[in-house]
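Undergrad: sequence-free structure coming up:
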């Protein structure tokens, strides 16, 4: 009997790229307007900072942009933060309106939780991003634990007993094996759900856990290209992803289930 759900967060429970890209580029446009610095210059500098920090979700990276620091030389970060205040407000405003759960997610998590199913989140996002979004979306109460990446950012977010930090990247099957062991659940009774074939489905297959691929209808847009323009990925990261994709294709691994709405999970657990 299935009694443990391990779920990816970004682009599985909510449309991450669908809120982040519009929010980021609205902020970048506003920074360019305020500072009169060429937008392409800003984006190139953002990319370098993101690569240095290992994430595109680096809070207030704008305060470290060389062109911004050069323009406001002698001013403190707090003063520059105030100057760029409207840009940060733009990011928050767009995020507020575009960060939403996919259809059926909240109802499904609540039903599974009421049925006694243990729910664990596993994301490569850092604590201040992944866990923050669950709280912002009002669903953190359904999770027993959330496995997150270690943050590269020195922040003052209070530790939460639900948070467990992971030092490796997907697809590390040992993380799933550790989760099952911690929850005293057999592999046969665990289900893993995610949107990425090479990271989520491949990882679940390697661990011997029932895999569910969420294949949501996709809107046509250029968000992926815009993400690549500011990506934190280095050439090493792209090469690693290419190798993983080759290994996945060679394995001929397929998801045990494919769903198009999160609430279809209920049928799998029943």
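TA: Perfect, I can see it now. Computed from a predicted model, the values in this text were never measured in an experiment. Numbering: from 1, shown residues only.
Undergrad: The closest residue in space to residue 103 that isn't next to it in sequence: neighbour count?
TA: Counting by C-beta to C-beta, 6 or more residues apart in numbering, residue 261 is the residue found nearest to residue 103 once chain neighbours are left out, at 6.0 Å. Bear in mind the C-beta positions are built from the backbone N, C-alpha and C, glycine included. Residues lying near residue 261 (other C-beta atoms under 10 Å) number 14.
Undergrad: Could you do residue 120 as well?
TA: 23.
Undergrad: Figure out the helix or strand that it lives in.
TA: Following DSSP states H and E, one finds residue 120 within strand 118-126.
Undergrad: Where do the strands of the protein begin and end?
TA: Listed in chain order, the strands of the chain (DSSP state E) span 4-7, 118-126, 145-149, 163-166, 190-194, 210-214, 257-259.
Undergrad: Tell me the helices and strands packed up against the fourth one.
TA: The one in question is strand 163-166. helix 127-136, strand 145-149 (3 or more C-beta pairs under 8 Å, 6 or more residues apart in numbering; DSSP states H and E).
Undergrad: just so I know, which of the strands of the chain lies nearest residue 13?
TA: strand 4-7 (6.8 Å; C-beta to C-beta).
Undergrad: can you list the helices and strands packed on strand 163-166 in TSV and add mean neighbour count, mean pLDDT and distance to residue 107?
TA: TSV is the format used below for the helices and strands packed on strand 163-166 (neighbours: other C-beta atoms under 10 Å; pLDDT from 0 to 100; distance: least, C-beta to C-beta, whole Å):
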stretch	mean neighbour count	mean pLDDT	distance to residue 107
helix 127-136	19	88	16
strand 145-149	21	93	20
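Undergrad: so how far is residue 139 from the closest residue to residue 254 other than its chain neighbours?
TA: Spatially, and ignoring its direct neighbours in sequence, residue 254 is nearest to residue 201 (7.8 Å; C-beta to C-beta, 6+ apart). Computed with C-beta to C-beta, to the nearest Å, the distance linking residue 201 and residue 139 is 23 Å.
Undergrad: more neighbours, these two?
TA: Set residue 201 next to residue 139 and count neighbours by other C-beta under 10 Å: residue 201 wins out with 24 against 21.
Undergrad: Output the strands of the chain in a markdown table, with distance to residue 37 appended to each entry.
TA: Putting the strands of the chain into a markdown table (distance: least, C-beta to C-beta, whole Å) gives the following:
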| stretch | distance to residue 37 |
| --- | --- |
| strand 4-7 | 40 |
| strand 118-126 | 28 |
| strand 145-149 | 31 |
| strand 163-166 | 36 |
| strand 190-194 | 38 |
| strand 210-214 | 39 |
| strand 257-259 | 45 |
